[in-house]
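*Asks:* Predicted coordinates and the sequence they were generated for:
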Amino acid sequence: MTPISRRNFLKIAATSLLTASGAVGLGGLLRFIAYQSEQAPAIEFDLGPAANYPIGSRTIHPNIPAVLIHTESGFSAISLVCTHLGCTVETKDSGFSCPCHGSTYSKEGRLLSGPAVEDLDVWPVELKDNGRLLVRKTIVQPRG
Amino acid sequence: MRPNFFHHLHPPTVPAEQSRWRYTLGAGGTAIFLMLMLILTGALEMFYYIPTPENAARSVQTITYLVPFGGLVRNLHYWSAQLLLVVSAVHLVRIVFTGAYTPPRRFNYLLGLALFLLAILLDFTGYILRWDTGIQWALVVGTNLVKTIPLVGATLYTALTGSVEPGPATLIRFYAWHIFGLTLIAMILMIWHAFRVRRDGGIAVPPPGLRTVSDRISRFELVRRETLAMIFTASALILLSSLAPAPIAPPITEISAISGEVSAPWFFLWVQQMLKWGDPFLWGVLVPLIFLALLAIIPYGFPQPDPSELGRWCPQSNRLAQITLGVIALAVIVLTLLANAR
Amino acid sequence: MPANQPSALRHAQDNTFDFRLFVAAGLLLFSLAFSGWVNSRTPKPLSLTPSLTGQPEYCLTCHADLPEISPAHPVQVFGCVTCHGGERLALDADMAHSSIRGGANPSDLTVVSQSCGGEKCHSGAAAAGRDHIQRVQTSLQSTYAGAIATIRFTFGAQPDLTARLAIAAVADDRIETETGLSALAVFDTSTEDNPSIQKFSQNCLACHLNAAPREGQTYARYTGCASCHAFAPAGAWNSQQTPIHTLSTAIPYSQCNTCHNRGNYDLRTMTFVERSDQPADRLHNYYQPIAQFTRCEYSLDCVDCHTRIETMGDGDLHSNKKEIQYIQCKTCHGTPTELPLTKTLSELDDIAFRQAFLNPILVLKAGEVILVTEQGEPLWNTRVLKDGTYQMIGKVTKQVFTFRPVKGSACTQTGANQASAYCHQCHAVKR
């Protein structure tokens, strides 16, 4: 091996080792800062006795946030989170409208005008044996 | 070769003889590297640390045990801080034992001393941030010492703790001092200190006519040496931090209030030992301040080293300064050992 | 290079520097890899957020193999820290266990109030049947006041048999029975001058709920609630053996026998004389050879007849077990002139339902008629059958026993003589 090639080899080797160390360090750094240190918020909400919600009532639960609707066909909970970028929509006579970018939805949560492109989510409502209602923010119910 | 930013931080050339490890001990440079390490790891710890009494110790546990490589980051922060004190002390010894504080370096010597003091305060405030049973008595004793100072003690105590006893206000104040106040001052002084080294003509050397060796090295060589030293120090720190965990203790609860660690952090053990002798103001405040004042007047009130003797270890001409520092250092070491032997 | 040449610039050969940089970079990568290896050796954190606290615990990272403590304490609800204490986030064994309560046994009476206590748990209202801790801490099984009083009276240290001292100082601010005492001071042997009492304190204080048991398999038990409700493996007391992580109300006679029926104290030497036999079968193992007993006494388990109040106390401080033990043969069998007491189960919150839930050997229904004691405690594992006979299901053995009342039988024993000794005259088993 000539001195020059030996020198080049050392240079390249040292640079590669430093680069590898940098990459390892950066990888560890990313894992460090990407740790989720807070628990995910609750996805189940107890809405109290079903008897509190007569047929035809629309009750806003700001902690979910959702509006609980009791119709002839049963209970449903329409999410109040705009499907555009997550602001909480306001209730209007015509339905819902988003204060952030102006998306509007019907009283049933269907999209009326953008920029959002999807309807409001509908969460399943379960009537427990003890007569209380439970909302679970999990699977999106297909609209009937 | 075209000098880059890092080269420009250094003088174009420095005397070769005085750039050797056996003269500088590399202590000043290592201290700067450790400070950078502390700022980096400290910033990372801030992602998870919660400065409230209910959450502080638990969030330290989160970092230590749950965050990926959180234990490593915390250990790096801890060991860098402890080593900074050691390295700063070595640096101070080097400066005094080579007489490197003569004019025009007198002011920079004071800057360095201030930085040493800041390092101690940063170490203590950081230690308190654990807020667990390991630190509670050191916090009580440390803040009560402030109270013993005549005239201003009570005001200083309130300023420090924000209350009549250590509590939530104390934790947030220590946090603010640690991550911002003291760190900001230390950063400014560190830059000023490094600037003054260059401004004052680099490392202390005899005047050109008196030098026996006139070899010099370039800034390129200096940066290379520093690079190597940094990589070696970083490797050693990482190995140390992988093997030796930083201390941690259970959170403070009503039940644990009567137990827990009762020793000061290791760098204040010497003060704790003196406090057993009686008057807290005399032994806990006045004596350490006298030590500090003695160190501060070395460039001003002590016999100065002869210019011809600069650039080497232990000049005859400033023996008194060397003896003074030696006695202080010995006293601190003996007191620390006594406190440990208890 | 000449030494005195001014401004001579010296620097290491590029070659040397490159080599040093290579070594340094190699060391750096090695230290990072080493750190990664150390990191990879720590277990992957396993989190559990019990619904009771809502705070994540990482105990299961190491303790995932433990069985659930009992159906009444599901781990998903209680987690570990509620009972055991400890540092829920720590993955280092020393740190995690640094603030743990009672070592491996959080039910030890020194810490039981923090571990098992609570308004809705085991230090709640007496009316709700949730005052277990208050009752146990005043019960004879933990004060040992009866034995202490008897010995001190025997050796002249006190003028009567009324208890004054206990294993730990204890007070009761609500006396509800005639024999209840307001407070007991701690039994301090340093103030006793009689050598027999001294020997008593050295040799005879291994059988109460605070005490470490005597050595040996037959004595193996924990302390506190777990003395009775957890069945310790032999030698569990001071070994490294994994403790039993199961609480039960189906307590077999063998658990009671870690203290009871093990032998006798010799009053002259003040030493414990172990029973000499080592029988393998239930008939001979249950009681000491000298004892007389009937068939049901050894085929049932102790807890089939003896009630919560008898075993765990009634909340008062007593001087002797006679003041608290009240179940007799007639409690279930009645007398020649009277049938045993019965009760129709009604309220859904009846303590009987709770006991049946904890040990589901049968399904209790409201409307069923069961036997009750004189103090109104439900014998929930019994029922009155339509033909006038009775049924009892063994709480441990699950065996079904059917029995008749004494009334209407050939028995002529008077109602005044109902202590077991009278029944044993005709009904003791031979062995």
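*Replies:* Right, received. Where do you want to start?

*Asks:* Any residues of the stretch 201-342 of chain B in contact with chain C? List them.
*Replies:* Contact residues, the stretch 201-342 of chain B versus chain C (C-beta under 8 Å from any C-beta of the partner chain): B:213-218, B:220-221, B:224, B:227-228, B:231-232, B:234-236, B:238-239, B:241-243, B:245, B:248-251, B:253, B:255-256. Every C-beta, even on glycine, is put in place using the N, C-alpha and C of the backbone.

*Asks:* how does it look with 10 Å?
*Replies:* B:208, B:211-218, B:220-222, B:224-225, B:227-243, B:245, B:248-251, B:253, B:255-256 (C-beta under 10 Å from any C-beta of the partner chain).

*Asks:* ok, now chain A?
*Replies:* Checking chain A against chain C by C-beta under 10 Å from any C-beta, the hits are A:3-4, A:6-25, A:27-28, A:31, A:39-40, A:42.

*Asks:* Tell me which stretches of chain C form strands.
*Replies:* C:165-166, C:170-171, C:183-186, C:263-266, C:271-274, C:342-344, C:369-372, C:378-379, C:382-384, C:390-393, C:400-403 (DSSP state E).

*Asks:* A:C87: which of the ones you listed is closest?
*Replies:* strand C:378-379 (59.1 Å; C-beta to C-beta).

*Asks:* Name every strand pairing with the closest one and say which way it goes.
*Replies:* Using DSSP bridges, strand C:378-379 pairs in its sheet with strand C:369-372 (antiparallel).

*Asks:* Buried residues, the longest helix seen in chain B. List them.
*Replies:* In chain B, assigned by DSSP state H, the helix with the most residues is helix B:70-97. Within helix B:70-97, the residues that count as buried by 16 or more other C-beta atoms under 10 Å in any protein chain shown are B:70-85, B:87-97.

*Asks:* filter these down to the ones near chain A?
*Replies:* Okay, of these touching chain A (C-beta under 10 Å from any C-beta), that's B:G70, B:L72, B:V73.

*Asks:* Quick check: the second one vs B:T62, distance?
*Replies:* Between B:L72 and B:T62 the distance is 14 Å, computed by C-beta to C-beta, to the nearest Å.

*Asks:* In chain A, what residue comes closest to chain C?
*Replies:* For chain A, the residue closest to chain C is A:L17, as judged by C-beta to the nearest C-beta, at 3.6 Å.

*Asks:* picking up where we left off before, quick one: which of the residues of the stretch 201-342 of chain B next to chain C sit in helices?
*Replies:* Counting by DSSP H, those contribute B:220-222, B:224-225, B:227-243 to helices.

*Asks:* can you narrow those residues to ones near chain A?
*Replies:* For chain A, the contacts drawn from those by C-beta under 10 Å from any C-beta are B:T227, B:I231, B:A234, B:S235, B:I238.

*Asks:* any chance of these in CSV, plus neighbour count and pLDDT?
*Replies:* Shown next, in CSV, are these (neighbours: other C-beta atoms under 10 Å in any protein chain shown; pLDDT from 0 to 100):
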residue, neighbour count, pLDDT
B:T227, 16, 91
B:I231, 24, 94
B:A234, 21, 95
B:S235, 21, 95
B:I238, 24, 95
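
*Asks:* List the buried residues for stretch C:167-183?
*Replies:* C:I167, C:A168, C:V170, C:D172, C:G180, C:L181.

*Asks:* Equivalent analysis for stretch C:362-379, please.
*Replies:* For stretch C:362-379, burial by neighbour count (16+ other C-beta under 10 Å) applies to C:L362, C:L364, C:E368, C:I370, C:L371, C:V372, C:T373, C:E377, C:P378, C:L379.

*Asks:* likewise stretch C:31-51?
*Replies:* Neighbour counts using 16+ other C-beta under 10 Å place C:S31, C:L32, C:S35, C:G36, C:N39, C:L48, C:P50 of stretch C:31-51 among the buried residues.
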